[in-house]
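Participant: give the three-dimensional model of this entry:
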Amino acid sequence: MSKKSLPLTLYQTLEKHAQDADINDDEELQDILKKLTALNEKVEAIKQRARDKRVEKAPNVILLNSRR
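Facilitator: This next block holds a predicted model:
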């Protein structure tokens, strides 16, 4: 299980506050949410490239999701 990125965490928090009517669900909020979505996609792409590079450098090593 991977950890959530900061943009995703912020997105979910803002969305929750909008649902709870703590903040206005207006055009500005929607713009921020769109930007956080785009940023999260970039973060996930960079994380995937890093994982791919690790596999390229050590193809015989099995990557574990968590240490025990």
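Participant: is the most far-flung residue of the chain relative to its centre in a helix, a strand, or coil?
Facilitator: Most distant residue from the mean C-alpha position of the chain: residue 60, 28.3 Å away (C-alpha atoms, centre = their mean). The three-state label given to residue 60 by DSSP: H, G, I helix; E, B strand; the rest coil is coil.
Participant: and if you look at residue 23?
Facilitator: The three-state label given to residue 23 by three-state DSSP is coil.
Participant: equivalent analysis for residue 30, please.
Facilitator: Three-state assignment for residue 30 (three-state DSSP): helix.
Participant: hmm, who's touching stretch 18-29?
Facilitator: 14, 17 (C-beta atoms under 8 Å, 6 or more residues apart in numbering). To be clear about C-beta, it is placed using only N, CA and C from the backbone, and glycine gets the same treatment.
Participant: what's the span of it, first residue to last?
Facilitator: 9 Å (C-alpha to C-alpha, to the nearest Å).
Participant: equivalent analysis for stretch 19-34, please.
Facilitator: One end of stretch 19-34 to the other measures 17 Å (C-alpha to C-alpha).
Participant: going forward, begin numbering at 79 instead of 1
Facilitator: I'll keep to 79 as the first residue from here, and by that count the last item is stretch 97-112.
Participant: what comes up buried for it?
Facilitator: Residues of stretch 97-112 classed as buried under the neighbour-count rule (16 or more other C-beta atoms under 10 Å) are residue 111.
Participant: next one: stretch 108-128
Facilitator: 111, 114, 117-118.
Participant: restricted to helices, list the residues you listed.
Facilitator: Among those, DSSP state H puts 111, 114, 117-118 in helices.
Participant: before we move on, the earlier item: tell me the pLDDT at the residue farthest from the centre of the chain?
Facilitator: According to the prediction, residue 138 has pLDDT 71.
Participant: cool, the one 5 residues further on as well?
Facilitator: What the model reports as pLDDT for residue 143 is 63.
Participant: what of residue 102?
Facilitator: Looking at residue 102, its pLDDT is 90.
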